[in-house]
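> got a predicted structure here, sequence first:
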Amino acid sequence: MPELPEVEVVKRSLERKISNLIIKNVEIRDGKLRYELNKEDINQIKGKKIIKIQRRSKFLIFEIGKNFFMLVHLGMTGKFFIMDGNERKFKTSFYYNINPQKDKKHDKVIFYLEKKKKLIYNDVRKFGFIKFYNYKKLYKSFHLINLGVEPLDKEFNLSYFKKYINGRDRNIKDILMDQKFISGIGNIYANEVLFASGVRPTRRVVKLSDFEINKIVRSIKKILSKSIRLGGSSIKDFSSDDGKKGVFQQYFKVYGRKGERCSNTDCNNKVMRIVISNRSSFFCNQCQK
DNA sequence: AGGCATGTTACAGG
DNA sequence: ACCTGTAACATGCC
């Protein structure tokens, strides 16, 4: 589900709903995630309070009690459900159509909170993980230490961009998804950003003009922040307990649109799909140079 | 049946 | 030691 905007939306939602609550108990339904869940660590958080939830790149960082941190990555299909009493609320779901019954099968960890609330970590493909650290080790962990700038930070600008690509002969799409360069962009947003910038995903970075780089930088900031504002453009809150099918609102201009007409009104070209680094890449041959 | 899927990373080769 | 590209991980939908 998650690229930066989605994770940010999840973070805000969690902050609102479960911060300042004490974790009464934790049930591990299936600890086999990307990394096996550490039971001793899990035991340590019982009786402690969720103090704060932060985001770095696509990672969520829960501060629990004093000097203890839970690092969560949602992988491809990780999501959190918050249950208030018996109601299963779909706060942040993105995996085909969510079916409450089928979905329960993939509940991995259940955090029992105060006020009869529950936080459920659910992950179909098990690429996500939950790890625990103290402060020092958290920020020294290999997950966080190699991350590049946050795309929405001022630090991410033309000169940072040029400095990084200097001497690298790679295509622009790879660079945008390179977490050591900027952290938070995945396949969907890389495609969308390049469409908005009028740059083909295959372009070598050494050949980009300052004008084009600026366009890319601005598109990144614009698209990511817009997406956060909209509640994560690739996800939609579900209220499916009444049996109604949730509706995905698609805002994508090129992603997944192979063969469809280009989104630019004055263009009759069809969107192409090619594979770059094992990932689908969509673009308009006419509008992207 | 086979292809495809928002993620990271271990590994091999240069 | 660095840099780059490939394959693998698990599961389900089309």
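Ah, there it is.
> and the next helix or strand past whatever helix or strand A:Phe62 lives in?
Using DSSP states H and E, A:Phe62 sits within strand A:59-64. From strand A:59-64 onward toward the C-terminus, using DSSP H and E, the following helix or strand is strand A:69-73.
> and the residue of chain A nearest DNA strand C?
A:Arg125 (3.5 Å; Cβ to the nearest atom of the strand). C-beta here means a position set from N, CA and C on the backbone, and glycine is covered the same way.
> surely that residue meets A:Lys108?
No. Assessed by Cβ atoms under 8 Å, A:Arg125 is found out of contact with A:Lys108, at 11.3 Å.
> settle it for me: which of these two has more neighbours?
Per other Cβ atoms under 10 Å, whichever of A:Arg125 and A:Lys108 has more neighbours is A:Lys108, with 21 against 13.
> isn't there a helix covering that one?
No. The assignment for A:Lys108, made by DSSP: H, G, I helix; E, B strand; the rest coil, is strand rather than a helix.
> and the closest residue in space to A:Gln44 that isn't next to it in sequence, how far from A:Lys137?
Using Cβ to Cβ, 6 or more residues apart in numbering and skipping the chain neighbours, the partner closest in space to A:Gln44 is A:Phe68 (6.5 Å). Distance, A:Phe68 to A:Lys137, by Cβ to Cβ, to the nearest Å: 11 Å.
> more neighbours, those two?
A:Phe68 (18 against 12).
> that one touches A:Lys131, doesn't it?
No. Contact criterion Cβ under 8 Å: A:Phe68 and A:Lys131 do not qualify, at 11.6 Å.
> near DNA strand C, which residues of the stretch 151-289 of chain A show up?
Residues of the stretch 151-289 of chain A lying close to DNA strand C by Cβ under 7 Å from any atom of the strand are A:Arg168, A:Asp169, A:Arg170, A:Asn171, A:Asp174, A:Ser277, A:Asn278.
> how about those in JSON lines, adding pLDDT?
Converted to JSON lines, those look like this (pLDDT from 0 to 100):
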{"residue": "A:Arg168", "pLDDT": "89"}
{"residue": "A:Asp169", "pLDDT": "87"}
{"residue": "A:Arg170", "pLDDT": "92"}
{"residue": "A:Asn171", "pLDDT": "94"}
{"residue": "A:Asp174", "pLDDT": "95"}
{"residue": "A:Ser277", "pLDDT": "90"}
{"residue": "A:Asn278", "pLDDT": "90"}
